[in-house]
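[1] all I have is the shape, not the residue letters:
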């Protein structure tokens, strides 16, 4: 009873107003108490770390914070960086992506009360294919980690899409010298803010861990090779992303030229004056053209039509799993119908776009650029040569990464053997011979483990490894050669949604890490119950232990040995966490 009375008394006192203001670059800010379930955490939302990148600062590197007068109430999230609109509260994963604005360079801080710079700091860089997402998504609430581990959690926004990753210097020179890495420079500016200011929040600026997922992990991997970021972080956690999504400068310039042609602009002045909605529309066209192609079955549908078609194909896929091949004619008939529609409605591709289609399996339309300046060379080469030797690394992926994108790939449910080989030949270096070898290796290995081996299942397994698992393990091996505190994981907990259709898909680990399993729109996708909560606790404690000591092992998970290229010891994160030497080695050897 006494404990509850103290809790209620403290909560009432906290609710009466904000915490004492804190001095940061630009002025005073006042945080707010977190919700009652994580009482004791101060939350500072919408803290500026750079000037608004608007007007003449559009496509410029981040500039110093604009000072303010009085006390800024950091009690509400800032707008998120420009991206395609998402219906508010549409689902638990996207909750927190409205409103949007070019004025978006803000961060959020969760910290226990009290001053003194002694707590480990974790800086979260969100994912979203470099075109969507924000640090304010409900999915990334930092309260659980901050409370459970007595750490400071920071989540950041950074410019996305064309505003963050469009190289314009080769077209406009010094009149608009965008490197194509402005979004990456935003991340560096946020880390500089953490270095200079986090002590006032109880954080240790000499113990900063960057962590991110998908495009956020790709950003973290790139930052390992960015000289300007050196010394701004001391450990790195890469979840489902590595240093394999960067463009050479020439390719980035070609993609920029294509977007400029679509916009029909010829000067920096016209481009700076272009309305954000116009830029987003051109950005979406380039993204859809490059990623999907002109004859993709969803390519000519509206965003709503794409979601509906994706849901229908997911339903058919589930029915096929339950009722077998009897559903296949219906799936294939619908694919053929949409293909014919796409061919009728698609305009002939512009010659320059046709030439860019070869890039479809090599990267994303908007991603960091090896520009010779911000990113001087391939980060993998820098890691190979030991430039990140001082940074302990925790890196891993999910077993069925590519299955998250099944709604965008309805044709995968109807693949036959010849179509599977053709797809693999387009994606895998070595053409048809390499594609046939990949299919044979994956079919044999999966069959030996009792896993599904239909063409669609093989495609998703191969794509998961091609795009995520194998690049991550290559990076781990390169870093382990210089840094003994390198650790690997494989997350294999399956989603129960749609009868298990998604498997251990991309991003599924995030609610476990951030403790957001209880969100009513997230719970059906992740599953619930004591086993889910236990796994969440083990993951949280491992990430916290790594941020604190550089080693992720703890009492709840047991010994977690380092990764090396010889034994490839990897922690399997599932109902029963365990260490395996060289998991799925047959598939890995194919990529050597």
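    Yes, it's here. Predicted, not measured: the structure shown is a model, and the values here were computed from it. Numbers count the residues shown, from 1 in each chain.
[2] low pLDDT regions in the stretch 151-300 of the chain?
    Low-confidence segments of the stretch 151-300 of the chain, defined by pLDDT under 70: 292-300.
[3] all the helices of it, residue numbers only.
    Remark: helices assigned in the stretch 151-300 of the chain by DSSP state H, counting those that start in this stretch are 161-165, 169-172, 182-197, 215-223, 249-263, 268-273, 276-291.
[4] need the per-residue pLDDT for the residue positioned nearest the centre of the chain.
    In the chain, the residue lying closest to the centroid (C-alpha atoms, centre = their mean) is residue 127, at 2.2 Å. pLDDT, residue 127: 97.
[5] how distant is the top strand by length along the chain from the center of its chain?
    Longest strand of the chain, by residue count under DSSP state E: strand 203-213. Chain-centre distance of strand 203-213: 17 Å, with C-alpha atoms, centre = their mean, to the nearest Å.
[6] partner strands of that strand, with direction?
    strand 119-125 (parallel), strand 235-239 (parallel) (DSSP bridges).
[7] who touches the first one?
    Identification of contacts with strand 119-125 by C-beta atoms under 8 Å, 6 or more residues apart in numbering yields 111-112, 135, 140, 142, 145, 149-156, 158, 187, 190-191, 194, 198, 202-205, 207-212, 216-217, 219-220, 233, 543-544, 547-548. No exception for glycine: its C-beta is placed from N, CA and C like everyone else's.
[8] what helices or strands is the helix or strand following that strand leaning on?
    Downstream of strand 119-125, the first helix or strand assigned by DSSP states H and E is helix 143-149. Packing partners of helix 143-149 (3 or more C-beta pairs under 8 Å, 6 or more residues apart in numbering; DSSP states H and E): strand 41-48, strand 106-112, strand 152-156, helix 510-514, helix 530-549.
[9] which helices and strands does the last one pack with?
    For helix 530-549, the packing partners by 3+ C-beta pairs under 8 Å, 6+ apart come out as strand 119-125, helix 143-149, strand 203-213, strand 235-239, strand 393-398, helix 510-514, strand 569-573.
[10] can you add mean neighbour count and distance to residue 406 and give these back as a markdown table?
    Formatted as a markdown table, the helices and strands packed on helix 530-549 follow (neighbours: other C-beta atoms under 10 Å; distance: least, C-beta to C-beta, whole Å):
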| stretch | mean neighbour count | distance to residue 406 |
| --- | --- | --- |
| strand 119-125 | 27 | 26 |
| helix 143-149 | 21 | 29 |
| strand 203-213 | 23 | 19 |
| strand 235-239 | 25 | 20 |
| strand 393-398 | 27 | 14 |
| helix 510-514 | 23 | 18 |
| strand 569-573 | 22 | 22 |
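[11] could I get the ones you listed as JSON lines with distance to residue 498?
    Below are those laid out as JSON lines (distance: least, C-beta to C-beta, whole Å):
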{"stretch": "strand 119-125", "distance to residue 498": "28"}
{"stretch": "helix 143-149", "distance to residue 498": "27"}
{"stretch": "strand 203-213", "distance to residue 498": "22"}
{"stretch": "strand 235-239", "distance to residue 498": "23"}
{"stretch": "strand 393-398", "distance to residue 498": "16"}
{"stretch": "helix 510-514", "distance to residue 498": "17"}
{"stretch": "strand 569-573", "distance to residue 498": "22"}
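[12] quick one: which of the ones you listed is nearest residue 33?
    helix 143-149 (10.5 Å; C-beta to C-beta).
[13] next secondary structure after the helix or strand of the chain with the lowest mean pLDDT?
    Ranking every helix and strand in the chain by mean pLDDT, DSSP states H and E puts helix 2-15 at the bottom, with a mean of 40. Downstream of helix 2-15, the next assigned helix or strand under DSSP H and E is strand 22-24.
[14] how far off centre is that next one?
    The answer for strand 22-24 is 30 Å, by C-alpha atoms, centre = their mean.
[15] rounded mean pLDDT for the next helix-or-strand element following that strand, please.
    Scanning forward in sequence from strand 22-24 by DSSP H and E, the next helix or strand is strand 27-30. On average, the pLDDT along strand 27-30 is 96.
[16] and strand 27-30, which strands flank it?
    strand 22-24 (antiparallel), strand 71-73 (parallel).
[17] where does this structure dip in pLDDT?
    Across the chain, the ranges flagged by pLDDT under 70 are 1-19, 35-39, 85-98, 114-116, 292-355.
[18] ok, now with 50
    1-18, 36-37, 87-92, 326-327 (pLDDT under 50).
[19] follow-up on the earlier one: need the helices of the stretch 151-300 of the chain in TSV with mean neighbour count and distance to residue 502, can you?
    Converted to TSV, the helices of the stretch 151-300 of the chain look like this (neighbours: other C-beta under 10 Å; distance: least, C-beta to C-beta, whole Å):
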stretch	mean neighbour count	distance to residue 502
helix 161-165	27	26
helix 169-172	18	41
helix 182-197	23	28
helix 215-223	28	20
helix 249-263	19	31
helix 268-273	16	40
helix 276-291	18	20
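[20] distance to residue 445 for the ones you listed - can I get that in JSON lines?
    Conversion of those to JSON lines gives the following (distance: least, C-beta to C-beta, whole Å):
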{"stretch": "helix 161-165", "distance to residue 445": "36"}
{"stretch": "helix 169-172", "distance to residue 445": "45"}
{"stretch": "helix 182-197", "distance to residue 445": "37"}
{"stretch": "helix 215-223", "distance to residue 445": "26"}
{"stretch": "helix 249-263", "distance to residue 445": "34"}
{"stretch": "helix 268-273", "distance to residue 445": "50"}
{"stretch": "helix 276-291", "distance to residue 445": "29"}
